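Undergrad: Below are the sequence and a predicted model for it; my questions follow.
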Amino acid sequence: MRGIWGVLRGASARIRALMKPLFDNIASVLRASFVVGLLSQGNLASAEPPDSSPAAPPAAPPASAPDSAAPKAAPSNGSSPFSLGRGVASQRGRSPYSSATNLDHPPSVYIVPMEGEMGLDISKEVYEKVLVDLKAAKPDIVIFRMRSSDGTLKSGWLDGKRDEDRKKGRLSPGQLASGLQDYADLAGDLHRRLDGIPCVMYVEDAVGASSMLALAWPCMFVAPQGRIGGLEIMGAIQGAGDEQVHAKFEAAKVSMVLGILELGGRPAALGESLVLPDRKLSVQFEGRTPTWRPDAEGQWIIVDSSDKLTAQFDASLAEDTGLADGIAEGIDDLVALLGYPQWQKVGNGEKIFQDYNAAWRAKWSESMEMMAKFQEEAGPEDLAARKQILEKMLQYIKRYPSLAKFWKMRGLDEKQIKLLLEELDRQMRSIRQERQQGSGSSGGSGKMGGGRGPGAPK
Amino acid sequence: MKHSNRRSLPLLVMVALAAALLVLAVPVHAQQSGAKQQQVKLQKGTWWGSVGDRVEVVVKEQLSTRTLTATVTKIDADKGIITVDAEVDGKKLVRPLFASNIVSMKTVGASAAGAPASGGAGKAGGAVPAGKASGTAGAPSPGKPSGKVDAQGYQLDENGKYRVAPQKGVFVLPLSGMVGKTMRGHEIDEMLAEVDKWGPGQTVILDIDSGGGLVTEIYKIVDAIKRLKKDHRVVAWIRRAFSAAACTSMQCEEIYFRTTASNGASTMIQQGENGMVASSREETEKFKRDMAAVVEDNGYSRYIFLAMVLREDVLTYTKDPVTGKVKWNNKITGEPGEVVLSDELQNLAFTASTALDSGFSKGTADTEEELAKLLGLPEWYLISDCGARISGNWKKLFEGCEEDLELQKGRAGLPPTGTAVEQIAAQIEILQKMLSWSKRCPPCFEFAFGDKDAASKEMTKQLKELQKQLRSLREESAK
């Protein structure tokens, strides 16, 4: 199905490029013509009208209405390049387009990076600091720059990736996915605290958990090489052979993902197909307004007709379907697409973000080396050094929440370290006493010193 | 202004002075009557008043206390700072006072706000009819302020029975964590005891953020909410409510969602040999019968609850195109406009939009101000932070106990090292710490060790034996 879809896409792209000038002016008249060659099943007469209900019907029952967010008035954008329209309109916050902000000066733009690993580099702690600076800078527009790829777009990779990530000292996507509630809280918090400031998401890459955040803002642009997808890890339920238990956890996780996507006005059909491999997704258009369908019957674009793979978007598919407002080659291009010929950067968001993460990452490298050393065979003479390692680890995880999170996912938290320290103290005390008593015993075999500790690379 | 027959002061000047004072007094009065009443926690009790109030304040300054008569110029309730214009040692100055240093504060002089009273003052709220508060959301307590205050410094009504709130507001009880651990019916009952002090007709918001927990606790929570609902309006505000927490939310007749909120997935599960499994059919059917009836009493279709419990239970709804009334179905009917929320392969969990569209929720609110509007309140006003204290105190105690018990268990599992005396002393210390938690936080202890009485009895027995061993070892080494 993917091969056929690739051929269809290529054909449709060529057709659209040829028809572009005509479509600009007479979109509704041309709708019937575009059906030829792109209709896979069904026909216009039987297609149900877009339902304005925001409810989320699943794929199976044919009686379900196609899912659609209530289309509100899209921002009037006379100067923006051609777009197939917004699939969902801004449901909260303010539009960043020049036609909406009506600024009489070049906009001041605050850039908020979202780079690295979700939950570790992209964390609520760093944005607490960024938000303080942002509020002081009082920008006209906020641009979130997303560059995070902690997942993969391939399916069936979970076990292999886990080992590979562990060797590289990364958390596996599964471990990162466990922070789902934190991501929901982060997205909701950013929305709430930036309510009133026009925001736009710029996706340089968003694969894995980060794609949820990428879709949490209605106004989104994608870089030419940008990708959105890899959310299947969120719907993966491991260790639940019981059907009822599986359904329970799946419902819980999917609804949490959909909740984040609702911040960006994204409909349930889209969200479910991003998370669940057995969901399909297609798009049909009413004029320039796309409607997402939880099946493969949309007469314009079939995004996902497979029941084994989740939906994925590259830049052009994101633009064609209206998932993204457009493709932008950098921030300059993005601001121009919003309708501003000039702009000025304000604030220190990038520096704050980079400094914060550089600081804890430096300690992360050090902690990885220390724990690797801790895992080595040790004798009585090494106990003091091992104790020093643990004390330093304790100090670091108390100081750097992201580091604490990383090690906790590896099985080493504050409590574990305290236990290991106590064990070491006891051994050291025992050895000292034996030496004082003039005992010939070494106090133990070469394998001693508080255990090997969990979580370090093997 | 003192009227006198001073020959040296012409009558015209006196009249002019009086007029000037009146002009000065009016804005202050207007400010008082128009200014927003705020509540500030003092060292003991609270003070209600507004900018412009003339107050008599006793403030602690290092080792001494000082009494000032001053005019309030600024109130920063969040930071606990009240700025006053006062005359100190013959000099007029503007002075910020930390609320934590204020021993007592009362509004003096006549004002539209109310009679002076130690530790409190405030605008009188309107009278509120007793009974359930639909339509009287957050209405102030019955009666007018009497000028008397209770032991906590809150102003009492003329009957001396209920506390008086300066304006319509709410109470919030955060319910978070595992049901049965940090989210319990006990705290709801504690909240009821506090809220009752303000009289019937209060609005209590249950701020729910939980992934679920024990089924047994659900019944306790159901009963507790029932008691709370008898005289007050109880509203659920969801951040996350899965499993047992979803059942809890449906005890409230009003549910509001945050945009990222989810609610549902209430399958009963338990630990099996190879991971989690659904509870037995018999247990599940009993649970369904019990809870479905309760849910229906609260105005929800039982189909909603059933679809949350077992995946094979279907839930759809249709809306009357004219009236907008929702009709719930437990099978796919194929009617026009039917929305399928859960088919036979899915378990039901609402999102904010599906909840709103189907009428399961009354609205979506991400901030307190938004919620206040949905509740029909003029603005968000928290009458008392007792809910946060009740919930926070319990959570802190339980989580502290849980963490420490885990640590002690870990310590007990360490390989024994050191002399015999040291090993026994370490074990004694561990047992003593565990036993202290059996008294400080019995529910947590019970969670960790099962039967609390049997476990503490066994531990006490072990402790005594170890203490005996330690004594005899020390006696031997002394010899």
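TA: Received it, and whenever you're ready, just let me know what you need.
Undergrad: list the contacts for residue A:225?
TA: A:204-205, A:315 (Cβ atoms under 8 Å, 6 or more residues apart in numbering or on different chains). The C-beta positions use only the backbone N, C-alpha and C, and glycine is treated the same way.
Undergrad: between the residues you listed, which is closest to residue B:81?
TA: Of all these, residue A:204 has the smallest distance to residue B:81: 45.4 Å, by Cβ to Cβ.
Undergrad: How many residues are close by that closest one?
TA: 20 (other Cβ atoms under 10 Å in any protein chain shown).
Undergrad: what does residue B:320 give?
TA: 10.
Undergrad: Secondary structure element for the closest residue in space to it that isn't next to it in sequence, which one?
TA: Nearest non-adjacent residue to residue B:320, counting by Cβ to Cβ, 6 or more residues apart in numbering or on different chains: residue B:327, 7.3 Å away. Assigned by DSSP states H and E, residue B:327 belongs to strand B:326-329.
Undergrad: So which elements touch that strand?
TA: Counting contacts by 3 or more Cβ pairs under 8 Å, 6 or more residues apart in numbering or on different chains; DSSP states H and E, strand B:326-329 packs against helix B:302-309, strand B:315-319.
Undergrad: Work out the sheet partners of it and label each with its direction, please.
TA: Strand B:326-329 has the following strand partners under DSSP bridges: strand B:315-319 (antiparallel).
Undergrad: tilt between the strand it pairs with and helix B:302-309?
TA: Angular relation of strand B:315-319 and helix B:302-309 on a 0 to 180 degree scale: 140 degrees, by axes from the mean of the first three to the mean of the last three Cα atoms, to 10 degrees.
Undergrad: From the chain's centroid, how far away is strand B:315-319?
TA: 35 Å (Cα atoms, centre = their mean, to the nearest Å).
Undergrad: Can you spell out the domain ranges of the chain, please?
TA: Since you didn't name a chain, this refers to chain A. Domain ranges of chain A: A:69-266+A:312-347, A:352-436, per automatic domain parsing.
Undergrad: Wait, chain B was what I had in mind.
TA: B:11-123, B:137-147+B:166-262+B:356-382, B:266-347, B:397-478.
Undergrad: what's the most buried one of the ones you listed?
TA: The highest mean neighbour count among the domains of chain B, using mean count of other Cβ atoms under 10 Å in any protein chain shown, belongs to domain B:137-147+B:166-262+B:356-382: a mean of 22.
Undergrad: Tell me the gap between it and the middle of its chain.
TA: Domain B:137-147+B:166-262+B:356-382 sits 8 Å away from the centroid of its parent chain (Cα atoms, centre = their mean).
Undergrad: close to chain A, is it?
TA: Yes - shown here: domain B:137-147+B:166-262+B:356-382 in contact with chain A (Cβ under 8 Å from any Cβ of the partner chain) through B:211, B:240, B:242-243, B:258-262, B:356-358, B:366-367.
Undergrad: In contact with the residue in the stretch 51-200 of chain B that chain A sits nearest to, which residues?
TA: Taking Cβ to the nearest Cβ as the measure, the stretch 51-200 of chain B has residue B:176 as its residue closest to chain A, at 11.1 Å. Residues in contact with residue B:176, defined by Cβ under 8 Å, 6+ apart, are B:182-183, B:207-210, B:391, B:395.
Undergrad: Which of those sits closest to residue A:210?
TA: Closest to residue A:210 out of those is residue B:209 (23.7 Å), distances taken as Cβ to Cβ.
Undergrad: tell me the SS of that closest one?
TA: Assigned by DSSP: H, G, I helix; E, B strand; the rest coil, the conformation of residue B:209 is strand.
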